[in-house]
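Q: Return a 3D structure for these sequence lines:
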Amino acid sequence: MSAGIVGGLARGQRALLGGGVLLGIVGVGFTLLQPVLLARLIEAAGQHRPVTGLIVLLAALFVADAALSAVQSYLIGRAGENIVRDARVTLAGRVLRAELAHMNGRRQGDVHTRLVSDTSLMKIALTQSLAQIILNGLIVLGCVVMMALTDGWLLLVTVGCLGTAAACSVRLARGLRRAALANREDTGEFGADLQRVLSALPTVKAAGAEEREQRRLAGLADRARASGNRVTALNALLYPVLNVGLQASLAAVMGLGMARVATGALGTADFTAFTMYLFYLVSPLVLVFLSLGTFQQGRAAVQRVDELAVLPQEDLGLAPGATLPLPSGGGPAVEFRGVSFAYGERPVLDGVSFEVPARGLTALVGASGAGKTTVFQLIERFYRPTGGAVLLDGRDIAGLSPVQIRGRVGYVQQDSAAMRGTLRENIVYAAPDADEADIREAVELAGLTEVVAGLPDGLDTLLGDQGVGLSGGQRQRLCVARALLQKPSVILLDEATAHLDSDAESALRDSLRRIARTCAVVAIAHRISTVVEADRIVVLDGGRVRAVGTHAELVRGDDLYRRLAAAQFAEAAGAARNPMDSTAEGGAMALLGPEPSR
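A: This is a model prediction of the structure:
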């Protein structure tokens, strides 16, 4: 995550973080006082002076230190939870508003891992580990200062032993960060592939691919295990390396210290205080380096989260619900002027120009890969053209915000997008404030009335993930109703009749005819029944507009369209007639008209 976002999140929790650090500093002071009072207690006892007050004061310091530690941990922990919540909300917003061209290059499972598990590790790094490093570092520093004031020679011995161990621990911590980053990447890859499999589970089962997919997931799990083992090994080395230095320091201090006490160079009370400071130094020093290891793992997570924070964003511009003014009249609803587009190095559209009238049904036809769906995605400004201009109601969409564009354009995708929730929630998804009359009208126009009546709870029937509970055709009509509820000036239908039976298709075509009287309907159509009824047909071939006209005009004047239409009619006729009956096929082919002279 970028420094600006981290700074903003931390500033939002400065009261909790500042209070926790302040209480921790006070607790450090109380901790450093304890050996001093203990030394005074030893002196008082040796001189037969009253010790009750010192004992009570020591007990009070112990209790206060424990209370401050508990409150400080609570405040830091609460700040951490707030930071991770804010980070998830902020990053989720950036992912939702990211340009599709950049999001489509990322695996959904990996994005999910970054938003969920990596933000949790980030919280530990930014709050708990950092606080432990700061506060325990202060204790270590305070102990070193007090030890220096007590006996410089013993301090030099201690620093020599501990310094060597600390240098080795720092080197291990740096390696730990690199290993942790690799492990987070491997874990993200496993999560991404698992989501791929789960989202296509019926296909996996139908293909008998369970064993193959399990082996693939096992390979990714093995990679995550191997990198995780490296993290575990480096973590496991941190404490033993430091512990060797601590044990060597303790042995040297005890031996040299007792020798100095024996010669009178150091008093018994001072030696006791020095030893106490050394013991007080051990636990905080261990925690500093353990926290340093955790912090390095958290930094690896922060680095991955940071990549989401800098995703290029769509410029939403207007507030939700804002729309363009109505057309002044007469002009096309959509116009392509010499539009070119490429996915990376692969060209898709090349100099495409055509118009969509403000009323009526316009069909896009062409072979697979001709660029039909890309045309829709450019109208929605999911992508930006590399050349030319796309106009909506006479205005170049390059100068409009996505909110303006999508408030006027309804889009029904080829793969029906239904989500977990009630049928009503799915229908009103693009217009959450729609009233019951508008909902009923959209349901009726989309041919969903009988479907809703047959569901146990009507519009309040709960659907599963990806609309489980409805057939493919019913999900398609649900998406049409959702688009209609926006009351758009342009409706884009990407194979809207693909999953419908003949009766449902006929009902939806009747609805489209009514809708086309009030707005522009643009349909990508493979079914010839939809194409025949179009007011205008745009034929795409190899990323270019090959021809524009009505069905009759194109059958007479364009070879490609005639072949496409003939193939569709033959398929439809073959499905409808008996094997020994050629009447249906003959009638269908008759609609094509006579073979043009060549």
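Q: what about the nearest residue to Glu210 once chain neighbours are set aside, how many neighbours?
A: Of all residues not flanking Glu210 in the chain, Val204 sits nearest, at 6.3 Å (Cβ to Cβ, 6 or more residues apart in numbering). C-beta here means a position set from N, CA and C on the backbone, and glycine is covered the same way. Counted by other Cβ atoms under 10 Å, the residues lying close to Val204 total 17.
Q: measure Val204 to Leu560 for me?
A: 38 Å (Cβ to Cβ, to the nearest Å).
Q: do Val63 as well
A: In terms of Cβ to Cβ, Val63 sits 88 Å off from Leu560.
Q: neighbour count winner among the two?
A: Using other Cβ under 10 Å as the criterion, Val63 and Leu560 rank with Leu560 on top: 17 against 11.
Q: any idea how far Gln414 is from that one?
A: Per Cβ to Cβ, Leu560 is found 22 Å from Gln414.
Q: was I right about Arg216 contacting Asp193?
A: Yes - between Arg216 and Asp193 a contact is recorded at 6.7 Å, counting by Cβ atoms under 8 Å.
Q: Neighbour count: the two, which is higher?
A: Set side by side, Arg216 and Asp193 show more neighbours around Asp193, with 19 against 14, by other Cβ under 10 Å.
Q: Chain neighbours aside, what residue packs nearest to the more buried one?
A: Using Cβ to Cβ, 6+ apart and skipping the chain neighbours, the partner closest in space to Asp193 is Leu220 (5.6 Å).
Q: and that neighbour, what is it in contact with?
A: Contacts of Leu220 were listed using Cβ atoms under 8 Å, 6 or more residues apart in numbering, and they are Asp186, Glu189, Phe190, Asp193.
Q: Ala269: which of these is nearest?
A: Asp186 (55.7 Å; Cβ to Cβ).
Q: Contacts only, for that closest one.
A: When contacts are counted by Cβ under 8 Å, 6+ apart, Asp186 touches Leu220, Arg223, Ala224, Ala226, Ser227, Gly228.
Q: pretty sure it is in a strand, no?
A: No - counting by DSSP: H, G, I helix; E, B strand; the rest coil, Asp186 falls outside a strand, being helix.
Q: what's the distance between it and Leu121?
A: The spacing between Asp186 and Leu121, counted by Cβ to Cβ, is 14 Å.
Q: One more: Ser529?
A: Ser529 sits at a distance of 55 Å from Leu121 (criterion: Cβ to Cβ).
Q: Which residue of these two possesses the greater neighbour count?
A: Between Ser529 and Leu121, Leu121 has the larger neighbour count (other Cβ under 10 Å), namely 22 against 15.
Q: Give me the distance from the helix or strand harbouring that one to the chain's centre.
A: Using DSSP states H and E, Leu121 maps to helix 119-123. Relative to the chain's own centre, helix 119-123 is displaced by 14 Å; criterion: Cα atoms, centre = their mean, to the nearest Å.
Q: who touches that helix?
A: Identification of contacts with helix 119-123 by Cβ under 8 Å, 6+ apart yields 1, 80-81, 83-84, 87-88, 91, 184, 297-298, 300-302, 305.
Q: What of stretch 359-367?
A: Defining contact as Cβ under 8 Å, 6+ apart, one finds that stretch 359-367 is touched by 356, 372, 375, 512-513, 516-526, 530-531, 533-541, 546, 561, 564.
Q: Mind listing what's buried along it?
A: Within stretch 359-367, the residues that count as buried by 16 or more other Cβ atoms under 10 Å are Gly360, Leu361, Thr362, Ala363, Leu364, Val365, Gly366.
Q: Domain map for this structure?
A: 3-309, 334-549, 561-598 (automatic domain parsing).
Q: For the second one, measure first residue to last.
A: By that I understand domain 334-549. Start and end residues of domain 334-549 are separated by 16 Å (Cα to Cα, to the nearest Å).
Q: likewise stretch 390-408?
A: This stretch, stretch 390-408, spans 14 Å end to end (Cα to Cα).
Q: Counting neighbours, which bits of that stretch end up buried?
A: For stretch 390-408, the neighbour count (16+ other Cβ under 10 Å) marks 390-393, 395, 397, 400-408 as buried.
Q: Also stretch 162-169?
A: Buried, per 16+ other Cβ under 10 Å, within stretch 162-169: Leu162, Ala165, Ala166, Cys168, Ser169.
Q: Stretch 457-473 now?
A: For stretch 457-473, the neighbour count (16+ other Cβ under 10 Å) marks Leu459, Thr461, Leu463, Gly467, Gly469, Leu470, Gly473 as buried.
Q: Save the residues you listed as TSV, and put in pLDDT too.
A: Converted to TSV, the buried residues of stretch 457-473 look like this (pLDDT from 0 to 100):
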residue	pLDDT
Leu459	89
Thr461	87
Leu463	83
Gly467	70
Gly469	75
Leu470	78
Gly473	74
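Q: For the stretch 151-300 of the chain, which segments count as strands?
A: Using DSSP state E, counting those that start in this stretch, the strands of the stretch 151-300 of the chain do not appear at all; there are none.
Q: residue ranges with poor pLDDT in it?
A: Scanning the stretch 151-300 of the chain with the threshold set as pLDDT under 70 gives 199-203, 206-207, 238-239, 242-243, 245-246, 290, 293, 297.
Q: Give the rounded mean pLDDT of stretch 534-553.
A: The pLDDT scores in stretch 534-553 average 91.
Q: how far does it sit from the chain's center?
A: Using Cα atoms, centre = their mean, the mean C-alpha position of stretch 534-553 is found 40 Å from that of the whole chain.
Q: again, but for stretch 369-377
A: With Cα atoms, centre = their mean as the basis, the mean position of stretch 369-377 lies at 26 Å from the chain mean.
Q: For that stretch, report the contacting residues that lie outside it.
A: With contact meaning Cβ under 8 Å, 6+ apart, stretch 369-377 is reached by 100, 336, 341, 348-349, 352, 364-366, 383, 411, 414, 492, 494, 522, 524, 540-543.
Q: wait, what's in contact with Val288?
A: Gln132, Ile133, Asn136, Gly137, Val140 are the contacts of Val288 under Cβ under 8 Å, 6+ apart.
Q: quick check, Met50 in a strand?
A: If you look again at residue 50, you'll see it is Pro, not Met. No - read with three-state DSSP, Pro50 is coil and lies in no strand.
Q: dump the residue contacts of it.
A: By Cβ under 8 Å, 6+ apart, the contact list for Pro50 reads Ala44.
Q: Give me the pLDDT value at Pro594.
A: 42.
Q: Over to His526?
A: The model's pLDDT for His526 equals 71.
Q: where's it, which helix or strand?
A: Counting by DSSP H and E, His526 is part of no helix or strand.
Q: Quickly find the element holding the most centrally placed residue in the chain.
A: Centroid-nearest residue in the chain, with Cα atoms, centre = their mean: Val111, separated by 4.2 Å. Using DSSP H and E, Val111 maps to helix 108-113.
Q: avg pLDDT for that helix?
A: Helix 108-113 carries an average pLDDT of 76.
Q: Check which residues of that helix are buried.
A: In terms of neighbour count (16+ other Cβ under 10 Å), helix 108-113 has its buried residues at Gly109, Asp110, Val111, His112, Thr113.
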